[in-house]
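**Q** dropping a prediction and its sequence here:
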Amino acid sequence: MQKCMLGTKIGMTQIFTDEGIAIPVTVIQAGPVSVVQKKTVDTDGYNAIKVGYVDVKEKKLNKPTKGQFEKAGITAKKTMKEFRFENVDAYEVGQEIKVEDMFKEGDKVDISGISKGKGFQGTVKRYGTARGPMSHGSSYHRGVGSLGGASSPSRVFKGKKLPGHMGVDKVTVQNLAVVRVDAERGLLIVRGSIPGPKGGLIVIKDTVKA
Amino acid sequence: MNKMEIIRSLEKENMKEDLPKLMIGDYVKVAVKVKEGARERLQIFEGTIIGMHGSGIRRAIAVRRLSFGIGVERVFPIHSPKVDNIQIVRRGKIRRAKLYYLRDRVGKAARVKEDINKR
């Protein structure tokens, strides 16, 4: 991995290309993030940088967390995340990384977020199973159907798709194109939709599909 | 800036500023860029605005006209670069937001009265 960024989902809109085609885009407030800690093979056995995102009041944090920021000499941050990097030498502890340093127009990125909560859902919505006829004398509508055999195997197989809680999962969308990088406001605009509600925390990485 | 303001300001950058204030019932001339091979020319579509939807950069108008006795409707996203310009020929006097009743009418009945005050 060469590139990473933390951000907040702002919302969706559309942008016209020069040919007059409207493309759906998602606007992300990306960064700036500050390097809290640098991990190297010598000290930790692997190379990584730990970054913090979004300023927060210091009294909201506990002492151990506060100590990390004090050591790095930066203001307190709300969230921290570690990214495995091969070239950690390019970054210094306390350095601020902006979105334009990481991404440019035309890049392909993978974006992860926590999906919107859907509550307790049936198998039709949760797994996309087929439903039965809603009329013509049918008494089988949106139910689970058969759970399996009877006396043999006389149990329900593990992993059987059943109703349950849906959403609030980590979801990653791969290979999204960066349409624009707004350095002035620190915005990243990508083509298509991304997981999570507006205001949700987003992790942006360079794509694994490249 | 809050989230909606960011979206709105981004949309504003790509929106046209020189558009006239379009209203339902207006008789308009919409000039659309049409590509013919390598050459581009303007095609004029004339008709009555029978509906509008969307806001901001997504705003679109539905224009209806009668062409050789057959009703033709086209929807134009007014901020699209394909729409070159929109001219208002006359304002209509109307009492509803969607003029879909015009679809059931032909000939003289399918007209919208002109609003002289709004001219």
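**A** Everything's here; your move.
**Q** the bottom helix or strand of chain A by mean pLDDT?
**A** One helix or strand of chain A scores below all others by mean pLDDT, DSSP states H and E: helix A:99-102, with a mean of 84.
**Q** centre of the chain to that helix, how far?
**A** Taking C-alpha atoms, centre = their mean, to the nearest Å, the mean C-alpha location of helix A:99-102 is offset from the chain mean by 18 Å.
**Q** same deal with stretch A:147-167?
**A** Distance, centroid of stretch A:147-167 to centroid of chain: 31 Å (C-alpha atoms, centre = their mean).
**Q** what mean pLDDT does it get?
**A** Stretch A:147-167 shows a mean pLDDT of 92.
**Q** so which residues make contact with it?
**A** Stretch A:147-167 is contacted from outside by A:115-123, A:125-127, A:129, A:144, using C-beta atoms under 8 Å, 6 or more residues apart in numbering or on different chains. All C-beta atoms are positioned from the backbone trio N, CA, C, and that covers glycine.
**Q** tell me which parts of chain B are close to chain A?
**A** B:1, B:3-4, B:6-7, B:10-11, B:14, B:33, B:56-58, B:77, B:79-82 (C-beta under 8 Å from any C-beta of the partner chain).
**Q** distance between the ends of stretch A:142-155?
**A** 23 Å (C-alpha to C-alpha, to the nearest Å).
**Q** picking that back up, distance to chain B and pLDDT added to the contacts of stretch A:147-167, as a markdown table?
**A** Shown next, in a markdown table, are the contacts of stretch A:147-167 (distance: C-beta to the nearest C-beta, whole Å; pLDDT from 0 to 100):
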| residue | distance to chain B | pLDDT |
| --- | --- | --- |
| A:115 | 19 | 95 |
| A:116 | 16 | 95 |
| A:117 | 19 | 95 |
| A:118 | 22 | 95 |
| A:119 | 24 | 96 |
| A:120 | 29 | 97 |
| A:121 | 28 | 95 |
| A:122 | 33 | 94 |
| A:123 | 35 | 95 |
| A:125 | 28 | 95 |
| A:126 | 29 | 95 |
| A:127 | 32 | 94 |
| A:129 | 35 | 93 |
| A:144 | 39 | 92 |
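**Q** closest to residue B:46 among the residues you listed?
**A** residue A:116 (45.3 Å; C-beta to C-beta).
**Q** report how many residues lie close to the closest one.
**A** 15 (other C-beta atoms under 10 Å in any protein chain shown).
**Q** ok, it touching residue A:199?
**A** No - assessed by C-beta atoms under 8 Å, residue A:116 is found out of contact with residue A:199, at 11.4 Å.
**Q** helix or strand: which one has the closest residue to residue B:30 other than its chain neighbours?
**A** Once flanking residues are discounted, residue B:30 sits nearest to residue B:45: 4.7 Å by C-beta to C-beta, 6 or more residues apart in numbering or on different chains. Element membership of residue B:45 [criterion: DSSP states H and E] is strand B:39-53.
**Q** and the furthest pair within the contacts of stretch A:147-167?
**A** Top of the distance list for those (C-beta to C-beta): A:116 and A:144, 23.9 Å.
**Q** just the helices in chain A please.
**A** Along chain A, counting by DSSP state H, helices occupy A:41-44, A:63-72, A:99-102, A:123-127.
**Q** most tightly packed of those helices?
**A** Mean neighbours per residue, mean count of other C-beta atoms under 10 Å in any protein chain shown, is largest over the helices of chain A for helix A:99-102, with a mean of 19.
**Q** which residues are contacting that one?
**A** Residues from elsewhere that reach helix A:99-102, judged by C-beta under 8 Å, 6+ apart: A:3-5, A:7, A:30-32, A:181, A:183, A:186-188.
**Q** send the alpha carbons of it over as PDB?
**A** What follows is helix A:99-102, C-alpha atoms only, in PDB (Å, rounded to 0.1, in the frame of the first residue of the first chain):
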ATOM      1  CA  VAL A  99      -5.400  15.000   0.500                       C
ATOM      2  CA  GLU A 100      -3.500  16.500  -2.400                       C
ATOM      3  CA  ASP A 101      -0.300  14.900  -1.200                       C
ATOM      4  CA  MET A 102      -1.800  11.500  -1.500                       C
END
